[in-house]
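Trainee: Can you look at this prediction? I've put the sequence above it.
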Amino acid sequence: MTVNKPRDVQVYLITEDTRVMRSRTWDRLKFEIEYGLKRGTTANSFLIQGEKTALIDPPGESFTEIFLTALKERINLTDIDYIILGHVNPNRGVTLKAILELAPNITLICSNPGAINLSKIFPEQELKITVVKGGETVNLGNGHLLEFVPTPDPRFPDRLCTYDPKTQILYTDKLFGAHICKDQVLDEGWQVYTEDRRYYFDCLMAPHAGQVTAALDKLSSFPAKIYAPGHGPLVRYGLTELNVAYQKWSTKEKLQSIITALVYASAYGNTATLAQAIARGITKAGVGVESINAEFAEPDEIKAAVEKSAGFIFGSPTLGGHAPTQIQTALGIALANGDKNKLVGVFGSYGWSGEAIDLLESKFRDGGYTFGFETIRVKFKPTDVTLKYCEEAGTDFAQGLKKAQRARKPKGVGSAGARTEQALGKIVGSLCVVTTQQGDLGGGMLASWVSQATFNPPGFTVAVAKERAIESLLHTDASFVLNILQEGNEKTLMKQFLKPFAPGEDRFANLAVKRAENGSPILQDALAYLECRVANRMECSDHWVIYAVADIGEVLQNSGVTAIHHRKSGSHY
């Protein structure tokens, strides 16, 4: 990834009268998990100039100044007739305010939930707002008869897609995006974006798989040649394949046999960010999430989700010393209809006090519920470390649900399956510990599914279970150390990395550690180590197989031999 470049705005003429304005940064903008690959981002805005002019999706405050400079070089702001908002949040409100100060007569077009959000951002300003529903149109002239398609989900209940039949461009807001910054505007060689798009989907879309499927069904009615998302390259060359991938990923999430209900409200976006991180931890562990924004959900929807879920989690901000009314209502529904044998969890953010979080926790404890993780309280905006903690808490919650399900299942004999498992278990592997450190985030895990894969360059594969905390730190280009354990001296390190770690717990406490050149921990009691970088990843059912290239290596104990892992069964480690 190219770094240390200044932010800029790249302007590209898509068609004769439609431009994309890509506000770009090669750095990570903020603490949200969908930015976790740290490959920069683009905030895509679009300018359509027919007989009337529409600006679609102005960027957030990180780009306000450079975006306005670029925009004013191409058009007088007072010549803009409409600003179409795919979603509304306070971050985007900063840029909107700057534009409206110079051109107050612009009409804002959004969904009804978007208009509600605008009233919160501009409580004392009278705005010209046109609320649109599905199928309604706005005619810009010259053939640009824009049609609007609401595609809401709990995280973005106001999301609005826009279709231009003249250019056959579908403006998809958060759908089909990726956080990556390159000079490419369109997706030539689209396969190189697969990992980025999958990661973005897993972080933002997986907890709302049902709503994603509904959105795909709606959008299938529009013969689009280009998808114009809010982030990343425009989708043209890989459009069909990305559609198929979204259908596949969404269906997989919907078919999960265990479901968690995640109910929350968010005043300033911080609690929603925590919810997103928790949901990511749950889904990566193979448990489905039904995410519900209590501000927009009907009581029957909350009741049904709580009743059918294997466990439920509540999140709330604290407003004026209280939980929002919608959360209090949802809490009452859960307490009246929830099974006390189900796992629960509580989280929330606050500014000066956290009474709402205390209320949720006390009500569930008084009700006799068991908690799947320690209550999470976050003051102001979450950090990278906080979000990693939330992800790990979500994974712990999912593992608790899976353990409870296994306990309820009768044990089968299955002689043929048992013989296969015994045979598979005879495949042996060297005992290793994978360690990594990326900024404030670190991780370590015991690994035995390790095998050399190439001579030139020197490379190997390692299998990492999807639910491992370290998995999210081992994407392409990430660096790590493979510590190879020594026979007869492996037990201390095995004991350390076999034990369950609480979310955020230091994996390297009381161990002799030094830092590799890539910053990752080297375990000094290991037999040897390799400093590595991830070259490729392949999804294999419940694991990722990671191919890594070794850059530097050293044998620490010349007289030792490698510790080997012998298993009795191929069905578990």
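Mentor: Ah, there it is. Just so it is clear, the model here is predicted, and its values are computed rather than measured.
Trainee: drop to CA atoms for contacts and neighbour counts, all remaining ones
Mentor: Fine.
Trainee: what's around P457, how many residues?
Mentor: 11 (other CA atoms under 10 Å).
Trainee: How about S569?
Mentor: With other CA under 10 Å as criterion, S569 counts 17.
Trainee: pLDDT score assigned to it?
Mentor: pLDDT, S569: 85.
Trainee: can you check L29 too?
Mentor: 60.
Trainee: Residue numbering should commence at 208 henceforth.
Mentor: Sounds good: first residue 208 from here, last item L236.
Trainee: Check which helices and strands the helix ranked longest in the chain sits against.
Mentor: Longest helix in the chain, counting residues (DSSP state H): helix 591-615. Judged by 3 or more CA pairs under 8 Å, 6 or more residues apart in numbering; DSSP states H and E, helix 591-615 is in contact with helix 477-491, strand 550-557, strand 648-654.
Trainee: export those to JSON lines and tack on mean pLDDT and mean neighbour count?
Mentor: Below are those laid out as JSON lines (pLDDT from 0 to 100; neighbours: other CA atoms under 10 Å):
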{"stretch": "helix 477-491", "mean pLDDT": "95", "mean neighbour count": "27"}
{"stretch": "strand 550-557", "mean pLDDT": "96", "mean neighbour count": "26"}
{"stretch": "strand 648-654", "mean pLDDT": "95", "mean neighbour count": "22"}
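Trainee: Make CSV from those and add distance to D286 to it.
Mentor: As requested, those are exported to CSV (distance: least, CA to CA, whole Å):
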stretch, distance to D286
helix 477-491, 36
strand 550-557, 41
strand 648-654, 48
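Trainee: So which bits of the helix or strand of the chain with the lowest mean pLDDT are buried?
Mentor: One helix or strand of the chain scores below all others by mean pLDDT, DSSP states H and E: helix 622-631, with a mean of 82. Judged by neighbour count using 16 or more other CA atoms under 10 Å, the buried positions of helix 622-631 are E628.
Trainee: how far out from the middle of the chain is it?
Mentor: Distance of helix 622-631 from the chain centroid (CA atoms, centre = their mean, to the nearest Å) equals 37 Å.
Trainee: What of stretch 746-755?
Mentor: Centroid separation between stretch 746-755 and its chain, computed with CA atoms, centre = their mean, is 19 Å.
Trainee: What lies in contact with it?
Mentor: 493, 660, 666-673, 739-745 (CA atoms under 8 Å, 6 or more residues apart in numbering).
Trainee: Could you list which of the residues you listed belong to helices?
Mentor: Going by DSSP H, the helices hold none of the contacts of stretch 746-755.
Trainee: distance of R584 from T525?
Mentor: The gap separating R584 from T525 is 11 Å, by CA to CA, to the nearest Å.
Trainee: Need the overlap of contacts for these two.
Mentor: What both R584 and T525 touch, as defined by CA under 8 Å, 6+ apart, is the set 555-557, 561, 564.
Trainee: Tabulate those residues (JSON lines), appending distance to T222.
Mentor: JSON lines is the format used below for the shared contacts of R584 and T525 (distance: CA to CA, whole Å):
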{"residue": "G555", "distance to T222": "46"}
{"residue": "S556", "distance to T222": "45"}
{"residue": "Y557", "distance to T222": "46"}
{"residue": "G561", "distance to T222": "51"}
{"residue": "I564", "distance to T222": "51"}
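Trainee: Nearest to G539 among those residues?
Mentor: I564 (14.8 Å; CA to CA).
Trainee: That closest one against R584, yeah?
Mentor: Yes. Counting by CA atoms under 8 Å, I564 does reach R584; the two are 7.2 Å apart.
Trainee: Tell me which of those two has more neighbours.
Mentor: Set I564 next to R584 and count neighbours by other CA under 10 Å: I564 wins out with 25 against 22.
Trainee: contacts for the one helix or strand the more buried one maps to?
Mentor: Assigned by DSSP states H and E, I564 belongs to helix 562-573. Contact with helix 562-573 is made by 521-526, 528-530, 538, 542, 551, 553-555, 582, 584, as judged by CA under 8 Å, 6+ apart.
Trainee: Check which element follows it along the chain.
Mentor: Next along from helix 562-573, by DSSP H and E: strand 577-578.
Trainee: Let me know the next secondary structure element after that next one.
Mentor: strand 583-586.
Trainee: who does that next one pair up with?
Mentor: Here the strand partners of strand 583-586, with direction, are listed using DSSP bridges: strand 550-557 (parallel).
Trainee: And for the partner strand, what's in contact with it?
Mentor: Residues from elsewhere that reach strand 550-557, judged by CA under 8 Å, 6+ apart: 477-478, 481, 517-526, 561, 563-564, 567-568, 571, 576-588, 604, 607-608.
Trainee: how about the residue nearest the centre of the chain, secondary structure?
Mentor: Nearest to the geometric centre of the chain sits C410, at 1.6 Å (CA atoms, centre = their mean). Using DSSP: H, G, I helix; E, B strand; the rest coil, the structure places C410 in helix.
Trainee: wait, what's in contact with it?
Mentor: Neighbours of C410 in contact, by CA under 8 Å, 6+ apart: 240-241, 483-484, 487.
Trainee: let's see it at 7 Å
Mentor: With contacts defined as CA atoms under 7 Å, 6 or more residues apart in numbering, C410 is in contact with 240-241, 483, 487.
Trainee: any chance of those in JSON lines, with distance to S457 too?
Mentor: What follows is the contacts of C410, written out as JSON lines (distance: CA to CA, whole Å):
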{"residue": "I240", "distance to S457": "19"}
{"residue": "E241", "distance to S457": "17"}
{"residue": "Q483", "distance to S457": "16"}
{"residue": "R487", "distance to S457": "14"}
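Trainee: and which of those residues is nearest to I291?
Mentor: The closest of the contacts of C410, once distances to I291 are taken by CA to CA, is E241, at 23.9 Å.
Trainee: thought the closest one was touching Y407?
Mentor: Yes. Counting by CA atoms under 7 Å, Y407 is a contact partner of E241 at 5.5 Å.
Trainee: give me the low-pLDDT residue ranges for the stretch 608-757 of the chain?
Mentor: 616-622 (pLDDT under 70).
Trainee: can you give me the strands for it?
Mentor: 636-637, 639-645, 648-654, 657-661, 666-672, 686-691, 720-722, 728-730, 735-747, 750-762 (DSSP state E, counting those that start in this stretch).
Trainee: Of these, which stretch is the most buried?
Mentor: strand 686-691 (a mean of 27; mean count of other CA atoms under 10 Å).
Trainee: Please compute how far that one lies from its chain's middle.
Mentor: 26 Å.
Trainee: Give me the angle between it and strand 735-747.
Mentor: Comparing the axes of strand 686-691 and strand 735-747 via axes from the mean of the first three to the mean of the last three CA atoms, to 10 degrees yields an angle of 110 degrees.
Trainee: Give me the contacts around strand 686-691.
Mentor: With contacts defined as CA under 7 Å, 6+ apart, strand 686-691 is touched by 638-643, 725, 727-730, 733-741, 769.
Trainee: how big is the angle separating that strand from strand 657-661?
Mentor: 120 degrees.
Trainee: For strand 686-691, which strands pair with it and how are they oriented?
Mentor: In the sheet, strand 686-691 lines up with strand 639-645 (antiparallel), strand 735-747 (antiparallel) (DSSP bridges).
Trainee: and the protein, what are its domains?
Mentor: 215-460, 463-615, 628-772 (automatic domain parsing).
Trainee: on that earlier part again, ChimeraX command for the buried members of the contacts of helix 562-573?
Mentor: Those of the contacts of helix 562-573 that count as buried under 16+ other CA under 10 Å are selected in ChimeraX with:
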select :521,522,523,524,525,526,529,530,538,542,551,553,554,555,582,584
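Trainee: Helices along the stretch 408-557 of the chain, start to end?
Mentor: Using DSSP state H, counting those that start in this stretch, the helices of the stretch 408-557 of the chain run over residues 416-426, 446-461, 477-491, 506-515, 532-544.
Trainee: So which elements touch the second one?
Mentor: What that stands for is helix 446-461. helix 416-426 (3 or more CA pairs under 7 Å, 6 or more residues apart in numbering; DSSP states H and E).
Trainee: can you dump the C-alpha coordinates of the least confident helix or strand of the chain into PDB?
Mentor: Extracted C-alpha coordinates of helix 622-631, given in PDB (Å, rounded to 0.1, in the frame of the first residue of the first chain):
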ATOM      1  CA  SER A 622     -18.600 -46.000  12.900                       C
ATOM      2  CA  ALA A 623     -17.700 -45.100   9.300                       C
ATOM      3  CA  GLY A 624     -17.300 -41.500  10.300                       C
ATOM      4  CA  ALA A 625     -15.300 -42.400  13.400                       C
ATOM      5  CA  ARG A 626     -12.900 -44.500  11.300                       C
ATOM      6  CA  THR A 627     -12.400 -41.600   8.900                       C
ATOM      7  CA  GLU A 628     -11.700 -39.200  11.700                       C
ATOM      8  CA  GLN A 629      -9.200 -41.600  13.300                       C
ATOM      9  CA  ALA A 630      -7.300 -41.900   9.900                       C
ATOM     10  CA  LEU A 631      -7.300 -38.200   9.400                       C
END
